[in-house]
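return a 3D structure for these sequence lines:
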Amino acid sequence: MSDQPSPAGAARLAAGLYLVATPIGSARDITLRALDILAGADAIAAEDTRTARKLMEIHGVATAGRPLIAYHDHSGPGTRDKIAALIAEGKSVAYVSEAGTPLVADPGYQLGRAVIEAGLPVWSAPGASAVLAALSVSGLPSDRFLFAGFPPQAKGAMTKWLAELAPVEATLILYESPRRVHRLLDVLGETLGDDRQIALCRELTKRFEEVLRGSVLDVRNAIADRSLKGEVVLVVGKGTPQAVSAERVDDALRAALETLSVKDAAAEVAKTMGLPKRDVYQAALQLEKKR
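Now for the predicted structure:
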């Protein structure tokens, strides 16, 4: 049996930071334990205090004069120190992100780390997560997956980022703005191939929830003339790894070395074949010595 406190009603909680998952859509997806913690915490920190207050109002949890502290991307060490000081004084602080599980693509990471480094308790109250919700409905392998977060906005950086993920033998999960998802699919097709299986999940657990499954090309065509709205999670099926022989690498390097420097040739071949840059660079050096 866990030593972690399990509060009931508005009972006083043990001192510590409580990382509380909140609904990603339907307000009814909050857990009973999350409501207990929100009702019993001495203070509440929130990525968006308006969203937190509205959620508490829906479920009849009063702030009752307790501090409601804004903690978001622009909060600095001062706010973290303030929250840690409350906990050091024996107070309980519940932290909620705007939606979902704190620390997942969320500013709560630095807060949790600061409290841990101060030697103070941190507790988890698990619940809704867009990552797991999307994986569940994607129809893609769930035995091994990697949450990669938001891709870079610039096309060149995005291409490089996706190329680095290409050899990962796991289902990939990405977040993206609905305004940029068309471009992401274009670059995804160029980098991983139009036949890679994906699931585009939009507005999960909300009224207009939608999941589009198929190849990159299928999904890209399906939304070509649409302007999407709402939160988007893209699940990308893992590729089929193929062994690359040393002969193939050498052949590719020889061709690249005709016009490129050793460094640039190695980088190009590593990117194209999905191989570690260091290994390809060493192979390129050996070939250059023999020329």
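
nearest residue to the residue positioned nearest the centre of the chain in space, please, no chain neighbours.
Centre of the chain computed as the mean C-alpha position; nearest residue by Cα atoms, centre = their mean is Gly149, 3.4 Å away. The shortest distance from Gly149 to any non-neighbouring residue, by Cβ to Cβ, 6 or more residues apart in numbering, is to Ala105 (5.2 Å). For glycine as for every other residue, the C-beta is placed from the backbone atoms N, C-alpha and C.

so that neighbour belongs to a strand, correct?
No. Assigned with DSSP: H, G, I helix; E, B strand; the rest coil, Ala105 falls outside any strand and is coil.

that older thread, show me the contacts for the residue nearest to the centre of the chain.
By Cβ atoms under 8 Å, 6 or more residues apart in numbering, the contact list for Gly149 reads 105, 174-175.

which one of the residues you listed sits closest to Ala21?
Lowest distance from Ala21 to the contacts of Gly149 (Cβ to Cβ) belongs to Ala105, with 13.3 Å.

buried residues in the top helix by length along the chain, which are they?
In the chain, ranked by residue count with DSSP state H as the criterion, the top helix is helix 277-290. Residues of helix 277-290 classed as buried: 280-281, 283-284, 287 (neighbour count, 16 or more other Cβ atoms under 10 Å).

with stretch 208-222 instead?
Result for stretch 208-222 [16+ other Cβ under 10 Å]: buried residues 211, 213-216, 219-220.

give me the contact list for it.
Contacts for stretch 208-222 (Cβ under 8 Å, 6+ apart): 25, 137-139, 182, 185-186, 188-189, 192-203, 223, 230.

cutoff 7 Å now
137, 139, 185, 188-189, 194-203, 230 (Cβ atoms under 7 Å, 6 or more residues apart in numbering).

equivalent analysis for stretch 182-200, please.
138-140, 151, 155, 158-159, 162-163, 166, 176, 211-213, 215-217, 219-220, 223, 232, 234-237, 239.

show me where this structure has its strands.
Ranges of strands in the chain, per DSSP state E, are 16-20, 43-46, 68-70, 92-96, 122-125, 145-149, 171-176, 197-202, 210-215, 232-236.

adding distance to Ala252, write these out as a markdown table.
Listed next are the strands of the chain as a markdown table, based on distance: least, Cβ to Cβ, whole Å:
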| stretch | distance to Ala252 |
| --- | --- |
| strand 16-20 | 47 |
| strand 43-46 | 52 |
| strand 68-70 | 53 |
| strand 92-96 | 50 |
| strand 122-125 | 47 |
| strand 145-149 | 27 |
| strand 171-176 | 25 |
| strand 197-202 | 27 |
| strand 210-215 | 27 |
| strand 232-236 | 25 |
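
so can I have a markdown table of those showing mean pLDDT?
Converted to a markdown table, the strands of the chain look like this (pLDDT from 0 to 100):
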| stretch | mean pLDDT |
| --- | --- |
| strand 16-20 | 97 |
| strand 43-46 | 97 |
| strand 68-70 | 95 |
| strand 92-96 | 97 |
| strand 122-125 | 96 |
| strand 145-149 | 96 |
| strand 171-176 | 97 |
| strand 197-202 | 97 |
| strand 210-215 | 96 |
| strand 232-236 | 97 |
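
of the ones you listed, which is nearest Val262?
Nearest of those (Cβ to Cβ): strand 145-149, 30.3 Å.

quick one: that closest one to chain centroid distance?
6 Å (Cα atoms, centre = their mean, to the nearest Å).
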